[in-house]
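Novice: Any chance you could fold what I've pasted below:
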Amino acid sequence: MIMIKGCHLYIGDMAYFLNLTIPQNIILILVSLYVIILQLIIIIITKWYKTYGLRVFQMMSGLIAPKSIGIYDKKLIFKFD
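Specialist: Numbering: from 1, shown residues only. The predicted model follows:
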């Protein structure tokens, strides 16, 4: 196979720079796929389902109203400040 000098940099072959063998390269690929799949799962969960985990911080910054997340007590609202 004819290799152009420096082509590993252009194609993003990190295994070449890390001097990985074939089994280590396969593990690197599987770990990368695992990370991508986890990111896709997080995107799907946040887009399809209503997540209220960060709504409190949005309320504190003034992006949303306290009533939109179910806080009606003024004492509780001022407790966040």
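Novice: Check which element follows the lengthiest helix in the chain along the chain.
Specialist: Among the elements of type helix in the chain, defined by DSSP state H, the one spanning the most residues is helix 22-48. Proceeding C-terminally, helix 22-48 gives way to helix 55-61 as the next helix or strand, assigned by DSSP states H and E.
Novice: That following helix: what's the following helix or strand?
Specialist: Remark: after helix 55-61, the chain's next helix or strand is helix 74-79, criterion DSSP H and E.
Novice: Would you list the phi and psi of residue 72?
Specialist: The phi/psi pair for residue 72 (degrees, to the nearest 10) reads phi -110, psi -20.
Novice: Please name the nearest non-neighbouring residue to it.
Specialist: Ranked by CB to CB, 6 or more residues apart in numbering and with sequence neighbours excluded, the top spatial neighbour of residue 72 is residue 66, at 7.5 Å. Where C-beta positions appear, they are placed from N, C-alpha and C, glycine not excepted.
Novice: packing partners for the longest helix of the chain?
Specialist: Using 3 or more CB pairs under 8 Å, 6 or more residues apart in numbering; DSSP states H and E as the contact definition, the elements that helix 22-48 packs against are helix 14-17.
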